[in-house]
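> return a 3D structure for these sequence lines:
(2 chains)
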There are 2 protein chains.
Amino acid sequence: MPKMSAPITVCAKLLLCQIKQPWKQLRKLSLSGNPSVKEILSQPELRGQKISAKGWVKAVRAMKEGKFVDLGDGSSQQILQVVVTPCCDKRDITFGSCLEVTGLLEQSKGQGQAVELVAESISLVGPCDVSGDYPFKPRKRYSADYSRQHLHLRQRTNSFAALLRMRNVATQEIHRFYQSLGFIQVHTPVLTSNDCEGAGEVFHIMPGIQASGPRKNTPDTTDNSTPLMFFDTPAYLTVSGQLHLEAVASGMSKVYAFNTAFRAENCQSRRHMSEFYMVEAELAFLSSLDDLMQNVEDLVKTTVKRMLETCESDLTLFFQHLSPKGHKEQVQKMLSSEFKRMTYTDAIGILRGQPGLKSKAEWGDDLSNEQEQCLVKQAGGLPVFVTDWPASAKPFYMRPNPDGKTVACFDLLVPDVGELCGGSLREDDLDRLEAKVAKLGQADALSWYVDLRRYGATPTGGYGLGFERHLQWILGINNIKDTIPFPRWTHHCRM
Amino acid sequence: MPKMSAPITVCAKLLLCQIKQPWKQLRKLSLSGNPSVKEILSQPELRGQKISAKGWVKAVRAMKEGKFVDLGDGSSQQILQVVVTPCCDKRDITFGSCLEVTGLLEQSKGQGQAVELVAESISLVGPCDVSGDYPFKPRKRYSADYSRQHLHLRQRTNSFAALLRMRNVATQEIHRFYQSLGFIQVHTPVLTSNDCEGAGEVFHIMPGIQASGPRKNTPDTTDNSTPLMFFDTPAYLTVSGQLHLEAVASGMSKVYAFNTAFRAENCQSRRHMSEFYMVEAELAFLSSLDDLMQNVEDLVKTTVKRMLETCESDLTLFFQHLSPKGHKEQVQKMLSSEFKRMTYTDAIGILRGQPGLKSKAEWGDDLSNEQEQCLVKQAGGLPVFVTDWPASAKPFYMRPNPDGKTVACFDLLVPDVGELCGGSLREDDLDRLEAKVAKLGQADALSWYVDLRRYGATPTGGYGLGFERHLQWILGINNIKDTIPFPRWTHHCRM
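Next up is the predicted model:
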């Protein structure tokens, strides 16, 4: 056995790189340990060096040339090829097991990868008995429906790990977009005493009721017909941060939120969940619906561009194997085109000219899925802003148009998933707003919201975009539940 | 009246700047409209130009030299001084009102600001009748307790606007920190069927129960003694994303979350809320508690450094007027020092040597607030990692030390607020974990968690840091409820 020198880590090298960036200096301390697979594959200075790598076995291949292991650690779609030399071969190097491999990182003799790690020692960190209940077997592809049955291990599959990496990149890009425009991120609350949309499809919260019954220290109450109150008021899980965001915009001008929202809808659709993420923005001093739509279009495009720039191999996996045929071209077309804009009234006119639709379009009605997709198809598969909807079809907080019938708002419709984003200019007439809120029976509950128009009001506009629907559309994912690590919907709240 | 040319916007200028950065190009489209006060004050090329500015009146000053308005829009702690020329003076230019001012941006003739906007026209966008119920009056300072009574308008105060800007900067820096180290952000769920800590201090959720009683479409149930179920299992608001994060780490290696957490504690303390943000990280392939603590120390320091670099005037407001005397020096000392580390056993020894403490330190007990602060004081006011606690005082998921009595964990104690962060290496012995989980009666509920050790297990460690406590400590804020836009605690869920 050859004499082994101590394996180097990337630590020292990073330290040197970072001396020029003082604010980064303290971070190198967190990088003790071994380089990730992504670092091993991307840092040329590691070639020819002795390194240690840790990860999970993605495949074991016994070939004429020898035995090879594909090692992955989630940092990258690419795997590190390990050459299993006879001296360190072990029976328990199985699919799914966790290894630490030390050896020389060499230029690969085979095709398909630039480097390979020639093992000098392999230690089994965590075995994986694939003959047992482990839900994934080597050399098999699993449907998304199957993988979703095993949420706690789903990120071991290539496709879901790719999804998580792209979700991360999209998330960061959304922050970068708003920050570059001078927006302030605001953490709007999950718990609220406002039932914003008044739709009733909300979750109500109660303190400390366990499955085994009420616990000891609940607040005093003897009336079992009313929920136990913790906040002295009924409290709900938010359906939208909009109203709170408007309050903050009334002092900070440009604000956004990237938070969870909730619906208690009894719905099994492939486009709905009970818990999901919304990107919401609110702009004071805004009086142009066109500017607002442009901001949404920019947000969508910059997110996708960043994914294309930084997640090439993950996107390729989706475009080649998981999304519908021609999907990549559709995404590229979207990026180089302007989104379509049409009024609701024009949209109804278009729909009435379409034969073969199941339901007839009536002015005043919401649009069905079929009608939405018909409009998108008419637009050549491009996203469509449908603007200026009937006031009766939209919530109280939208600003009326001069026609007296419609409100200054939009729905952004995209292929397959339908409504991606909705926004509007906000009602800024104090008297009109007071009358609407009173009519809803919310004069007390929303007096704070009316106050925003009473004191130093500004024209304001904003929108909410469904983050998971964005991913679903761009990646061509059939079921929205495969865009989030832990989906929740009717009858499903695993883990 | 002089002939007025159309005011320029910053739009065209930004377009030119951004052509070199193609991915930024599409963003200029979102910048239509007027420059923010921050841009007006910081962009030298605007001087001598005719511009429009919008914002709220922070002060009106009638001086010998004329009338001046301080205009602010939340983008900056600094205000834009407007010279109110007689031609455009109006009686309703009052404190709190919203104005659009057009005029020439000139070098200031007075002291205290570099530029001032000499008004050619002022239009009143939204009046503010300060003789009415508007809670803030000109030239008055308000206590944090008072401002908190008016959550929807609180961001109009200088101090809370400053807090929101700094909270935003800290948030972005936390993302930047983890991303630079190759961590993936994971959105752990708010709704969970795991009652992680088993403490009972959780919120339970139910679908669609309004204050007026159960709604029509609730799932079928006739037994009023059990909560209506939406998910077929009791569901709670998460107290920590840790267990879910561990699952994702078992495929992605390095992950973090920046999410809400909840406690249904009936607690009026100035250090607790029912809804708060936690920064949680989980690292696979980690077997050194020291490395984990270093990562926490780096996170804390980099966040504060970024705030010092980019929020100078906001920080100055806090350090000069709001935080305790000598606070700035304490923060600077912290940044240039290493955090202290001591074992729990040593800490107990130190505490037993301290006369005058209310309660005697006993090995095995948790530490009281007073004991925590005593340790911090002994460390010269620096943060202290207290490590290796008795197993009996900590949750089941921590890894036992070889001594058989303690576990490999830490609490990070900081001045005033106490526990800022808690972390540990995780139990990675399958048999031991199974036994512990069974003892808790959670063998079924946590079988997924045990699976993480059954299949390709790795040594793992992680921590959770209270984001609001971090802000409370660094900014010297007395009550944690003044670190978050919409605080929720017992009896309080406004808006």
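> could you check how far A:Leu357 is from chain B?
28 Å (C-beta to the nearest C-beta, to the nearest Å). Placement of C-beta: from N, CA and C, glycine included.
> how about the helices of the stretch 301-450 of chain A, start to end?
Taking DSSP state H, counting those that start in this stretch to define them, one finds helices in the stretch 301-450 of chain A at A:312-317, A:327-335, A:344-352, A:369-378, A:430-439, A:447-454.
> tell me the secondary structure for A:Glu100?
Classification of A:Glu100 by DSSP: H, G, I helix; E, B strand; the rest coil places it in strand.
> tell me the pLDDT of it.
pLDDT recorded at A:Glu100 is 96.
> same thing with the one 5 residues further on?
Reported pLDDT at A:Leu105 in the predicted model: 97.
> cool, and A:Asp133?
88.
> to what extent is it buried, counted in neighbours?
Residues near A:Asp133, counting by other C-beta atoms under 10 Å in any protein chain shown, number 9.
> any idea how far it is from A:Ala261?
Using C-beta to C-beta, to the nearest Å, A:Asp133 is found at 36 Å from A:Ala261.
> equivalent analysis for A:Gln354, please.
Per C-beta to C-beta, A:Gln354 is found 33 Å from A:Ala261.
> more neighbours: which of the two?
Legend: neighbour count by other C-beta under 10 Å for A:Gln354 and A:Ala261, higher for A:Ala261 (25 against 14).
> need the three-state assignment for the residue lying closest to the more buried one once chain neighbours are set aside.
Setting aside the residues directly before and after it, A:Ala261 is nearest to A:Met278 in space (C-beta to C-beta, 6 or more residues apart in numbering or on different chains), at 4.6 Å. Classification of A:Met278 using three-state DSSP returns strand.
> let me know whether A:Met278 touches A:Ser240 as I believe.
Yes: contact criterion C-beta atoms under 8 Å: A:Met278 and A:Ser240 qualify, at 6.7 Å.
> okay, and the common contacts of these two?
A:Ala261, A:Gly464 (C-beta atoms under 8 Å, 6 or more residues apart in numbering or on different chains).
> so who does A:Thr460 touch?
Applying C-beta under 8 Å, 6+ apart, we find A:Thr460 in contact with A:Glu246, A:Ala249, A:Ser250, A:Glu282, A:Leu283, A:Ala284, A:Phe285, A:Leu286, A:Leu425, A:Arg426, A:Asp428.
> swap in 7 Å and give it another go.
Each residue near A:Thr460 by C-beta atoms under 7 Å, 6 or more residues apart in numbering or on different chains is listed here: A:Glu246, A:Ala249, A:Glu282, A:Leu283, A:Ala284, A:Leu286, A:Arg426, A:Asp428.
> and those, which are buried?
A:Glu246, A:Ala249, A:Glu282, A:Leu283, A:Ala284, A:Leu286, A:Arg426, A:Asp428 (16 or more other C-beta atoms under 10 Å in any protein chain shown).
> what number of residues lie near A:Gln378?
Using other C-beta under 10 Å, A:Gln378 has 17 neighbouring residues.
> mind checking pLDDT for it?
Looking at A:Gln378, its pLDDT reads 95.
> pick out the residue of the stretch 301-450 of chain A closest to chain B.
Residue of the stretch 301-450 of chain A nearest chain B, by C-beta to the nearest C-beta: A:Trp448 (4.1 Å).
> are the strand ranked longest in chain A and chain B in contact anywhere?
Looking across chain A with DSSP state E, the single longest strand is strand A:50-63. Yes: for strand A:50-63, a contact with chain B is found by C-beta under 7 Å from any C-beta of the partner chain, at A:Lys54, A:Trp56.
> what is that strand packed up against?
Applying 3 or more C-beta pairs under 7 Å, 6 or more residues apart in numbering or on different chains; DSSP states H and E, we find strand A:50-63 packed against helix A:37-42, strand A:66-72, strand A:98-107.
> nearest to chain B, out of these?
Chain B sits nearest to strand A:98-107 of all these, at 4.2 Å, using C-beta to the nearest C-beta.
> sweet, I'm off.
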